[in-house]
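Novice: Below are the sequence and a predicted model; questions follow.
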Amino acid sequence: MLPFESLVRANIQRLTPYSCARDEFKGRAASVFLDANENPYNTPYNRYPDPLQEELKAKLAKAKGVPAKNIFLGNGSDEAIDLIYRIFCEPRLDNVVAIAPTYGMYAVCADINDVEYRAVPLNDDFTLNGDRLLAAVDDHTKVIWLCSPNNPTGNAFNRKEIERIVTTFQGIVVIDEAYSDFNDLPPFRHALDVFPNIIVLNTFSKLWASAAIRLGMAFASEEIIALFNKVKYPYNINQLTQQQAMRMLDELPRVNQWRMTIVNERRNLLPAFAELPICKAVYPTDANFFLARMTDAESIYHYLIDRGIVVRNRSRVQLCGNCLRITIGTPQENNALLGALRQYR
Ligand code: PMP
């Protein structure tokens, strides 16, 4: 891995971060707070939330098996994605390399930050081509974006191939594991000590069934977490979100039940879907969705919309011609989907 001085933007290295009232005073008990220009009425919503979300991180550390000092929390994983550009990539000078197709926000955030985005196609069967990816790297490549299980293809990549990329590349490798809770593969967040140049992304929006509260996680070395904390908005996770996330972390049995139901539904739905005459292929998935190649994705998509069923039309995405991306729903929802498609003429 390159030294931080050559990986991190000079302005971020020089930056003196904003110091908020809740940063300057913490620890000792106090009962009169006259330091943050808050309104003394309307408890508890009158107070700014904990800027570093320490109580929540302590709970998360247990649930995820990662020390609190290696966790950053963002307003969705999308905040972490944007911060990675702002920390590491000099606009109009640096570039990033990513697989294609993949989650669209990596490219959108590159455009917003005016950073060149090098999209490198996966193999035709959606497996990872490490050589092709590494061949796109040059001296100005700061970040490689990997997403495993990948969106929209659904498959997790070969671990050895990911490790080869991580150990060969000298910059930062982001491994977005938003969907890793839907398979039994060992997650990369447990390998931070072995691979100091990785940032692993997780989210409350998928297995934890909490997309509405906007809470994403980044797991990384303490040095990288310090950079996230330096650049983020002072109070980026609001109090309601922190409280609701802690409530969800107390509901692990319910969450595990959802995981089992969804994985079970995936096992049942995929072969039934593959048997539809209008389905040409269902691709292997390790996530809570699957990609299917159809005879005519466009018209099937509109047919389903007319019946009140919304799936994602990925036909215009690289390598995904005529493909629909379909989320695993409840047993009733999955039956409604199959029932509608069996009647498609
Ligand atoms: N990563 C991947 C791979 C995703 O598919 C998504 C959402 N579809 C996200 C991140 C965004 O997650 P969040 O809701 O935490 O911003």
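Specialist: Looks like it arrived, so ask away.
Novice: what does the stretch 151-300 of the chain put close to the ligand?
Specialist: 151, 176, 178, 203, 205, 211, 216 (CB under 6 Å from any ligand atom). Quick note: C-beta positions are derived from backbone N, CA and C, even for glycine.
Novice: Run through the strands of the stretch 151-300 of the chain in chain order.
Specialist: For the stretch 151-300 of the chain, strands defined by DSSP state E, counting those that start in this stretch occupy the ranges 172-176, 198-203, 216-219, 279-282, 289-294.
Novice: quick one on the thing from earlier: which of the residues of the stretch 151-300 of the chain next to the ligand sits closest to Thr127?
Specialist: Lowest distance from Thr127 to those (CB to CB) belongs to Asn151, with 15.5 Å.
Novice: The spatially closest residue to that closest one that is not a sequence neighbour: neighbour count?
Specialist: Using CB to CB, 6 or more residues apart in numbering and skipping residues adjacent in sequence, the residue nearest Asn151 is Tyr103, 4.6 Å away. Tyr103 has 20 neighbouring residues, counting by other CB atoms under 10 Å.
Novice: I figured Tyr103 hits Asp176, correct?
Specialist: Yes. With contact defined as CB atoms under 8 Å, Tyr103 counts as touching Asp176 (6.5 Å).
Novice: Val174: what's it in contact with?
Specialist: Residues near Val174 by CB atoms under 8 Å, 6 or more residues apart in numbering: 81, 84, 143-146, 198-201.
Novice: quick one, longest helix in this structure?
Specialist: Using DSSP state H to define each element, the chain has its longest helix at helix 252-274.
Novice: picking up where we left off before, what's the PyMOL line that selects buried ones from the residues of the stretch 151-300 of the chain next to the ligand?
Specialist: Selection of buried members from these for PyMOL, criterion 16 or more other CB atoms under 10 Å:
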select buried, resi 151+176+178+203+205+216
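Novice: and which of the residues of the stretch 151-300 of the chain next to the ligand is nearest to Lys57?
Specialist: For those, the closest approach to Lys57 (CB to CB) belongs to Gly216, at 13.3 Å.
Novice: Provide a list of residues in contact with the closest one.
Specialist: So Gly216 contacts 73-80, 201-205 (CB under 8 Å, 6+ apart).
Novice: can you list the weak-confidence ranges in this structure?
Specialist: The model of the chain has pLDDT under 70 over residues 27.
Novice: Just want the phi and psi numbers for Leu276.
Specialist: Dihedral pair for Leu276: phi -60, psi 130, per degrees, to the nearest 10.
Novice: Neighbours of the closest residue to it other than its chain neighbours, how many?
Specialist: By the measure of CB to CB, 6+ apart, the closest residue to Leu276 outside its immediate chain neighbours is Leu341, 5.4 Å from it. By other CB under 10 Å, the residues close to Leu341 number 20.
Novice: quick one on the thing from earlier: residues that sit against both of Tyr103 and Asp176, list them.
Specialist: Contact criterion CB under 8 Å, 6+ apart; residues shared by Tyr103 and Asp176: Cys147.
Novice: how about the helices in the stretch 51-200 of the chain?
Specialist: Under the criterion DSSP state H, counting those that start in this stretch, the stretch 51-200 of the chain carries helices at the ranges 54-64, 77-88, 105-112, 130-135, 159-168.
Novice: contact partners of the fourth one?
Specialist: The reference is to helix 130-135. By CB under 8 Å, 6+ apart, the surrounding residues in contact with helix 130-135 are 97, 99, 120-121, 144, 161, 164-165, 168-169.
Novice: now swap in the second one and tell me
Specialist: Residues from elsewhere that reach helix 77-88 (CB under 8 Å, 6+ apart): 7-9, 12, 72, 74, 94, 96, 105-106, 109-110, 112-113, 115, 142-143, 171-172, 174, 176, 178, 199, 201-203, 205, 216-218, 227-228, 231-232, 236.
Novice: Try it again at 6 Å.
Specialist: Outside helix 77-88, the residues that touch it by CB atoms under 6 Å, 6 or more residues apart in numbering are 7, 12, 74, 105, 109, 113, 115, 142-143, 172, 201, 203, 216, 218, 227-228, 231.
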